[in-house]
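Enquirer: I need the structure of the sequence given here:
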Amino acid sequence: MTQPAPALSPAEAGEVLRRKLRERGLTQAQLAARAGIPDPAYLSHLLGGRVNVAESKYLRAIAAVLGLTAEELRRLNPALVVEVAAPALPAPDIPEGLREAGERYAAVDPLIAHPKVQAALAQAGNFYGRGPQTPQEWFRYFASVREWIEVDP
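Expert: Numbering: from 1, shown residues only. Next comes the predicted model:
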């Protein structure tokens with residue numbers, strides 16, 4: 001396993017931030033405002049390497065505004081825990097019968113036509129090819145689990 005690159009010095013870290021600032025076409029004042037830094041002079045000290053950005057409570061906010069990658073963040077502060085979002089799961093194929101049930105029975109219960117509900121029903125209703133097929137079967141299946149379905153607005 002390869003060793004991670006060593007942390008950048010405060011001066012090197014400041015140069016990385018200045019370069020990203022130029023690439024984004026932002027001024028120091030704009031970066032300070034967007035990152036929630038109340039004193040633009042503090043940002044100037046970070047960019048000039050006089051304050052260690054790795055120890056700044058604004059590092060994550062600055063990184064977000066400048067679009068730093070996880071690797072760039074690790075170079076600035078190797079101890080920083082970088083959260084990476086899990087990849088989105090592919091949307092399940094909505095069976096034709098379920099789509100039709102959403103159209104046909106939406107007047108009875110609009111929730112059956114909700115995309116998130118249809119996706120959940122499609123995933124849960126796949127009983128190795130032996131699940132609901134017709135719109136009527138899908139609506140009966142939906143009705144049987146309806147009391148446990150909640151969808152965020």
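Enquirer: tell me which residues of the longest helix along the chain are tucked away?
Expert: Determined from DSSP state H, the single longest helix within the chain is helix 10-24. Residues of helix 10-24 classed as buried by neighbour count (16 or more other C-beta atoms under 10 Å): 10, 13, 14, 16, 17, 20, 21. Using the backbone N, CA and C atoms, a C-beta is placed for each residue, glycine as well.
Enquirer: What sits closest to the residue located most distally from the centre of the chain if chain neighbours are left out?
Expert: The centre of the chain is farthest from one residue, residue 136, which by C-alpha atoms, centre = their mean lies 36.9 Å away. Nearest non-adjacent residue to residue 136, counting by C-beta to C-beta, 6 or more residues apart in numbering: residue 101, 7.6 Å away.
Enquirer: and that neighbour, what is it in contact with?
Expert: Going by C-beta atoms under 8 Å, 6 or more residues apart in numbering, residue 101 touches 112, 135, 136, 138, 139, 142.
Enquirer: Could I get the contacting residues of the fifth one?
Expert: I take that to be residue 139. Contacts of residue 139 by C-beta under 8 Å, 6+ apart are 101, 104, 105, 108, 112.
Enquirer: where does this protein dip in pLDDT?
Expert: By pLDDT under 70, the low-scoring segments of the chain are 1-5, 80-92, 125-129, 153.
Enquirer: make it 50
Expert: 1 (pLDDT under 50).
Enquirer: All the helices of it, in order from the start?
Expert: With DSSP H as the definition, the chain shows helices at residue ranges 10-24, 28-35, 40-47, 59-66, 70-76, 96-105, 115-124, 135-145.
Enquirer: So which bits of the third one are buried?
Expert: It stands for helix 40-47. For helix 40-47, by 16+ other C-beta under 10 Å, it's 43, 45, 46, 47.
Enquirer: same thing with the last one?
Expert: For helix 135-145, burial by neighbour count (16+ other C-beta under 10 Å) applies to 135, 138, 139, 141, 142.
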